[in-house]
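Peer 1: sequence first, predicted model second:
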Amino acid sequence: MAKNPDVAIVGGGAVGTALAWRLAKDGRSVVLLDKGDIGREASWAAGGILTPVHLADYPPALSALCDASAKLYPDLVRELRDYSTSDVEYRVCGFLIVERDDDEARHTAQLEAFKRAAGLPVERLSLDALRELQPGLSSDVRGGLLLPDIAQIRNPRLAVALAEAAQKKGVDIRRNVQVSGFLRVPGRVNGVRTSQGDIYAGTTVIAAGAWTGDVLKPLGLTLAVKPIKGQILLTQAAPGLLGPVIEAADTYLIPRADGKILIGSTLEDVGFDKQVTLDAVSSLGARAARILPALGKLPLVASWAGLRPSTPDRLPYIGRAGMEGLLVATGHYRNGILLSPITAELIADLIAGRTPSLDLAPFDPLR
């Protein structure tokens, strides 16, 4: 275990573990700290779709960040196969957006224009082609748009796999550790105070998701990160019942290889409340059955809630936080799984003194 590591990372979700893995590949000594177990907050509760649901509505800087990160996934998955026993189930399954009314048709038309302008794969499907691709769609469905290149990942396994890989590269991973403050001299952070003692580090990175604001309070830094609750359902079907990921009006259906199907999600501004509610279970089930009626007859396997770290302008905080030795990587909202590889690359570049591959000004924590 590194007593005085090069880097201390606070937060063991997808972003924190991706950074630990990336820094380990650079040969840096790293300690990663989490207040609970690895990947058990927003990273575990997500859906694992490797594209934003509403990409065309995103600020340009965020669209570019998402695109750059998606391109890193195939290589990252290949690396993890050599260092982890956890199969993250990276699959290119396509993303189907269905239309049932004029508002949904306007949304898909906007996205189709965006994709074509960017030279990205997109297919407008006839009703016959749509029902051949996905049998059993509701009679309400009148059209659809297919993004054939979109992939998904079994997100609850991602942080676990990254942590396992990083540990094999020498990263010191400590679970159930509370960070209570910082080691500092004027203008500089030299590490963290924890429930297991002080850890001195050349660089400290805060990747604590919705809890980042609380972690930074002892420094007098205010970061506008707010938890937005999302509830999700899990059901079990025969493998192949659902082919592509399907989205309609903020309801998404995600098929896993073993036949499990995720149904999401809610958007609730209720603070740090992670309770599952009957209203949400009922609503999500009904919304799913309006897309694919067969889902209404399937058993409910589980339901849960997670807290997404949101920011006022929808852009994550990636970069220096106003003090030497302190970096922040948080506020990824609904795209933490997607954005973890590029966030790790950008933070690793800053630590190494390299010029980042993307302009970080839009993501400046002090903006």
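Peer 2: In hand now; what should we look at? Numbers count the residues shown, from 1 in each chain.

Peer 1: part of a helix, is W211?
Peer 2: Yes - assigned with DSSP: H, G, I helix; E, B strand; the rest coil, W211 falls within a helix.

Peer 1: name the nearest residue to it, ignoring sequence neighbours.
Peer 2: Nearest non-adjacent residue to W211, counting by CB to CB, 6 or more residues apart in numbering: K35, 7.4 Å away. All C-beta spots, glycine's among them, are computed from the backbone N, C-alpha and C.

Peer 1: what's the neighbour count on the one you found?
Peer 2: The number of residues packed near K35 is 19, by other CB atoms under 10 Å.

Peer 1: just G119 next, same as before
Peer 2: 7.

Peer 1: pretty sure the residue nearest to W211 sits against Q178.
Peer 2: Yes - the pair K35 and Q178 passes the contact test of CB atoms under 8 Å, sitting 5.8 Å apart.

Peer 1: domain ranges for the protein, per the record?
Peer 2: Following automatic domain parsing, the chain resolves into domains at 7-84+155-224+312-363, 91-150+226-310.

Peer 1: please identify the most buried of the ones you listed.
Peer 2: Most buried of the domains of the chain, by mean neighbour count (mean count of other CB atoms under 10 Å): domain 7-84+155-224+312-363, with a mean of 20.

Peer 1: just how off-centre is that domain within its chain?
Peer 2: 11 Å (CA atoms, centre = their mean, to the nearest Å).

Peer 1: the stretch 151-300 of the chain: helices as residue ranges?
Peer 2: Along the stretch 151-300 of the chain, the segments classed as helices by DSSP state H, counting those that start in this stretch run 155-168, 212-216, 278-291.

Peer 1: could I get these as TSV with mean pLDDT and distance to H107?
Peer 2: As requested, these are exported to TSV (pLDDT from 0 to 100; distance: least, CB to CB, whole Å):
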stretch	mean pLDDT	distance to H107
helix 155-168	98	25
helix 212-216	96	32
helix 278-291	98	15
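
Peer 1: reformat these as JSON lines; add distance to L127.
Peer 2: Formatted as JSON lines, the helices of the stretch 151-300 of the chain follow (distance: least, CB to CB, whole Å):
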{"stretch": "helix 155-168", "distance to L127": "32"}
{"stretch": "helix 212-216", "distance to L127": "46"}
{"stretch": "helix 278-291", "distance to L127": "15"}
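
Peer 1: how about the ones you listed, which one is nearest A257?
Peer 2: When these are ranked by proximity to A257, the top entry is helix 155-168, at 11.9 Å, counting by CB to CB.

Peer 1: packing partners for the closest one?
Peer 2: helix 14-25, strand 30-33, helix 42-45, helix 60-83, strand 172-174, helix 336-352 (3 or more CB pairs under 8 Å, 6 or more residues apart in numbering; DSSP states H and E).

Peer 1: give me the contact list for the fourth one.
Peer 2: Spelled out, that is helix 60-83. 18, 21, 50-52, 55, 58, 86, 88, 90, 151, 153, 161-162, 164-165, 168-169, 314-316, 335, 338-343, 345, 357-359, 362-363 (CB atoms under 8 Å, 6 or more residues apart in numbering).

Peer 1: got it, and the fifth one?
Peer 2: Residues external to strand 172-174 that are found in contact with it (CB under 8 Å, 6+ apart): 1-2, 5, 12, 20, 29-34, 38, 163, 166-167, 196.

Peer 1: neighbouring strands for it, and are they parallel or not?
Peer 2: Here strand 172-174 is paired, per DSSP bridges, with strand 30-33 (parallel).

Peer 1: which residues are in contact with the strand it pairs with?
Peer 2: 1-2, 5-12, 16-17, 20, 23-24, 163, 166, 170-174, 177, 179, 192, 194, 199, 201.

Peer 1: next one: stretch 190-197
Peer 2: Outside stretch 190-197, the residues touching it (CB under 8 Å, 6+ apart) are 4, 8, 10, 33, 174, 177-184, 198-201, 204, 325.

Peer 1: quick check: which of the helices of the stretch 151-300 of the chain is nearest to P244?
Peer 2: Nearest of the helices of the stretch 151-300 of the chain to P244, taken as CB to CB: helix 278-291 at 12.0 Å.

Peer 1: run through who's touching the helix or strand that that closest one is followed by.
Peer 2: Next along the chain after helix 278-291, taking DSSP states H and E as the criterion, comes strand 300-310. Here strand 300-310 makes contact (CB under 8 Å, 6+ apart) with 41-42, 44-46, 209-210, 212, 225-236, 260, 272-276, 280-281, 285, 330-334, 336.

Peer 1: quick one on the thing from earlier: turn the helices and strands packed on helix 155-168 into TSV, including distance to A294.
Peer 2: TSV is the format used below for these (distance: least, CB to CB, whole Å):
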stretch	distance to A294
helix 14-25	32
strand 30-33	42
helix 42-45	25
helix 60-83	30
strand 172-174	42
helix 336-352	27
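
Peer 1: can I get these in JSON lines including mean pLDDT and distance to D103?
Peer 2: Supplementary listing: the helices and strands packed on helix 155-168 in JSON lines, determined by pLDDT from 0 to 100; distance: least, CB to CB, whole Å:
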{"stretch": "helix 14-25", "mean pLDDT": "98", "distance to D103": "32"}
{"stretch": "strand 30-33", "mean pLDDT": "98", "distance to D103": "44"}
{"stretch": "helix 42-45", "mean pLDDT": "96", "distance to D103": "28"}
{"stretch": "helix 60-83", "mean pLDDT": "96", "distance to D103": "22"}
{"stretch": "strand 172-174", "mean pLDDT": "98", "distance to D103": "46"}
{"stretch": "helix 336-352", "mean pLDDT": "98", "distance to D103": "25"}
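
Peer 1: among those, which comes closest to R131?
Peer 2: Among those, helix 60-83 sits nearest to R131 (CB to CB), with 28.4 Å.
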